[in-house]
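>>> please work out how this folds:
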Amino acid sequence: MSLNAPQYSRYVRDFSAGFLDSPESDTLPLGACIDGRNCFLSSVMETRDGPDGARRAVVRKRKLAQLINPTAMAAGKTVDLLFWYQPEGGDAELLAVCNGALYVFDGVDTFTSVGALTGFTAGALVQAVPFKDNVLLTDGNAMLRYNGTSLLAVGFIAPTAAPGLAIVAGGSLPVGATYESYAVWYDSVMDHESSPSATAAAVTTTAGNLQRRHTKPAGSPPANVDKWRVYVRRTDTNELNFFLTATVAVGTATHDEMVSDAARRTAGPKDSVNNPPPTFATVAVYKDYGIGIEPDDSYYSVSKHGDLESWNPNDKFALERGAGKPLRSATVFGSDILLQKPTKTWRLVGDRPPFKAEPVHTEFGNVGPRSAIEVERLLYAWDEQKGPYRTDLVDWEPLATNRIATFLLNLNRDELANIQVDHDPENNLIVWAIAASSRTQARRRHLLAFNYRLNTWVPPICGLEYATLARYQPPSGKLGLYCGDYWGRVYKLFEQDREGVPGGATIIGTVTSATASTVTCSGATFYTTGSGLAGLMVLAESPTGAFQWRRIQSNTATVITLDTTNDNPWTTTPVAGWTIHLGAVEAYWTTPWVDLGRPELLKKGGFLFVEGKSAVSGDVLTVKARFNQQLGAVYTYDFAFPTQGAVWGVDLWGEASWGLRRRLVTKRRINRAFYSMQVRFESYLADTPVDITAFGIEADGRRRKRAA
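Next up is the predicted model:
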């Protein structure tokens, strides 16, 4: 945003991509990340101000997370999946997997258990794939399907013995015909039948007025099987196929029929073609075929057309023979499906099995089953070596440059396969949840977000523990991005101005005592419902303004205990009189180095001015400055801006107009001479949204003095 005096327009710095953000005199390219944490770019507009007509942007502290379920699904347990389930003709549902069970959100504040996911491993990554109004769930250890009501097996085995077959009186079969039969179990709701049983011994009609009698085969089918079917083949005429003659209620022990040879038209299944699947690590649907990859395998399996419960074990194909890393993902992209190893990509070609596996790229792959997503005709994925990238299958563009590449040096590479990605359309973000607190930390405590509209990285996001991500739109609400944590809870991201802590509880407390891993505020009433504050951040602030951010393990109404298993104890133990902040995030953004366009001149310090807005009266914006390429903050100034109708700011000449609002002026003189200057803005308190639209330095330029 320009200021009112044209002569000062060159001092105004915007926050869009491409500004200087380090002591070196380099300009970041598009796709780089501003120097900050927990802040967004918004309201970008083109302008002709300045030498290059740069884009202008507003920097704001990101919206924080709203707790959805105060009572955890399972205390202290990881949410392994969130999934937006949209049944045909029904309302949308948000499904969750936690501690080896499936839950459904009630749309208000509670997740209700559907049932145990037998065979699933708590804490393992779960994938969900919709089919036939059901959802297939797999974690690489077991697979089940959810039909909107119950959890059921995926497919079922054939009857364990042949059906009985006899010739009895009462029909019209031809004389001298020889028949044999087999049976299958049949689920009429899913229109799915098992592979065939063994074949019954052949029988021959020896007279007229006869019919076939079938006896239900042995075996105990699952509860969803409501029928058994009989297929018959005439051998004296050398029929090649068995043909359907009867569909019988599962409770019926015998069935008589005399379907004529001419009327038998529906051919029966071949051996093993409708077998239940093996347990897949990842599944996708391509041209109505299921594509499945077993754990740590370089082969892919193909299901029966239109039926993810039928998998012929012979329909398993090698992608790449010989040594190499296993397949990690099967991702549908447009009309293609991509099979990817951590650093290689193939595309399946053809309309039906056997598909041809066509190499697409040998230097870009994907690390996990949930780390790739298609948004606006581009695939965003994560290569093991290059990190995040995007492609249209013609151009392949690495995205992790400069500051993001440096940030990823702390990535836990043992957790790459568990990276998760989703799309936040409201904020135009592709968001990856990653374990990057340290090279050994396994919990996903950071979101790395790429703004695909601005072609710019958002500074790293932290505050929660982001075990899983999902988009969801409630039946009477707006589309949003949700996350599950490691404590059985679910949050809606980017929704409010307080991180995860509901209203009515203390968020700012005065320390009365502390140990290396606890802090007590005897006058507080901290939030204790469900898992309380577990997994959230706590800020301890000394009277001199020194900060310590730590992770919470548990709490009572007055005592907070730190998570020293997955985080650190206090570096400096707080003492009485310190301040505790909850529902806050570490939000800061650092400006470019300012030399007023004349690096050869010595500038005498003048006024720092900043322009912005807030919705809360009395917000505090902390400003830190450093000079002449110094690496640490030298001076710190605190500004408290009254809002005057939700808008505040400063300029150089007293009160000024901004639309029809009044804004007040606050100035701080920088009492030193400087060649260049960099400013850092901080806004960490809960319930205090702050937007910065521009800043500048008023300084008188002087020629550099030379030594005699």
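
>>> all the strands of the stretch 201-350 of the chain, residue numbers only.
Ranges of strands in the stretch 201-350 of the chain, per DSSP state E, counting those that start in this stretch, are 203-204, 210-215, 227-234, 243-249, 254-257, 282-286, 289-293, 299-302, 316-318, 329-333, 336-341, 344-349.

>>> whoops, I mixed them up, the stretch 451-600 of the chain
Assignment of strands within the stretch 451-600 of the chain using DSSP E, counting those that start in this stretch yields the ranges 456-457, 468-472, 480-484, 490-496, 508-510, 513-514, 518-520, 537-541, 547-555, 559-562, 579-582, 588-590.

>>> what lines up beside the last one in the sheet?
Sheet pairing of strand 588-590 (DSSP bridges) gives strand 36-37 (antiparallel), strand 677-682 (antiparallel).

>>> by mean pLDDT, show me the worst of these.
Here the lowest mean pLDDT among the strands paired with strand 588-590 goes to strand 677-682, at a mean of 80.

>>> how about the strands paired with strand 588-590, which one is nearest residue 350?
Closest approach to residue 350 among the strands paired with strand 588-590 is made by strand 36-37 (47.5 Å; Cβ to Cβ). All C-beta atoms are positioned from the backbone trio N, CA, C, and that covers glycine.

>>> how far out from the middle of the chain is that closest one?
In this view, strand 36-37 has its centroid 21 Å away from the chain centroid, taken as Cα atoms, centre = their mean, to the nearest Å.

>>> what do you get for stretch 254-264?
Centre-to-centre, stretch 254-264 and its host chain are 54 Å apart (Cα atoms, centre = their mean).

>>> buried residues in it?
By neighbour count with 16 or more other Cβ atoms under 10 Å, stretch 254-264 contains the buried residues 255, 259, 264.

>>> and for the nearest residue to the first one once chain neighbours are set aside, the neighbour number?
Once its chain neighbours are removed from consideration, residue 255 has its nearest residue in residue 248; the separation is 4.5 Å (Cβ to Cβ, 6 or more residues apart in numbering). When neighbours are defined as other Cβ atoms under 10 Å, residue 248 has 19 of them.

>>> export the strands of the stretch 201-350 of the chain as a markdown table, with columns for mean pLDDT and distance to residue 179.
Converted to a markdown table, these look like this (pLDDT from 0 to 100; distance: least, Cβ to Cβ, whole Å):
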| stretch | mean pLDDT | distance to residue 179 |
| --- | --- | --- |
| strand 203-204 | 97 | 6 |
| strand 210-215 | 97 | 6 |
| strand 227-234 | 98 | 5 |
| strand 243-249 | 98 | 9 |
| strand 254-257 | 97 | 11 |
| strand 282-286 | 96 | 39 |
| strand 289-293 | 97 | 34 |
| strand 299-302 | 96 | 33 |
| strand 316-318 | 92 | 34 |
| strand 329-333 | 96 | 43 |
| strand 336-341 | 96 | 43 |
| strand 344-349 | 96 | 42 |
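
>>> would JSON lines of those strands with distance to residue 467 be doable?
As requested, the strands of the stretch 201-350 of the chain are exported to JSON lines (distance: least, Cβ to Cβ, whole Å):
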{"stretch": "strand 203-204", "distance to residue 467": "60"}
{"stretch": "strand 210-215", "distance to residue 467": "52"}
{"stretch": "strand 227-234", "distance to residue 467": "41"}
{"stretch": "strand 243-249", "distance to residue 467": "45"}
{"stretch": "strand 254-257", "distance to residue 467": "52"}
{"stretch": "strand 282-286", "distance to residue 467": "18"}
{"stretch": "strand 289-293", "distance to residue 467": "23"}
{"stretch": "strand 299-302", "distance to residue 467": "28"}
{"stretch": "strand 316-318", "distance to residue 467": "32"}
{"stretch": "strand 329-333", "distance to residue 467": "19"}
{"stretch": "strand 336-341", "distance to residue 467": "23"}
{"stretch": "strand 344-349", "distance to residue 467": "27"}
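
>>> most packed of the ones you listed?
Using mean count of other Cβ atoms under 10 Å, the stretch among those with the largest mean neighbour count is strand 289-293, at a mean of 25.

>>> parallel or antiparallel, list what pairs with it.
Paired with strand 289-293 in the same sheet, following DSSP bridges, are strand 282-286 (antiparallel), strand 299-302 (antiparallel).
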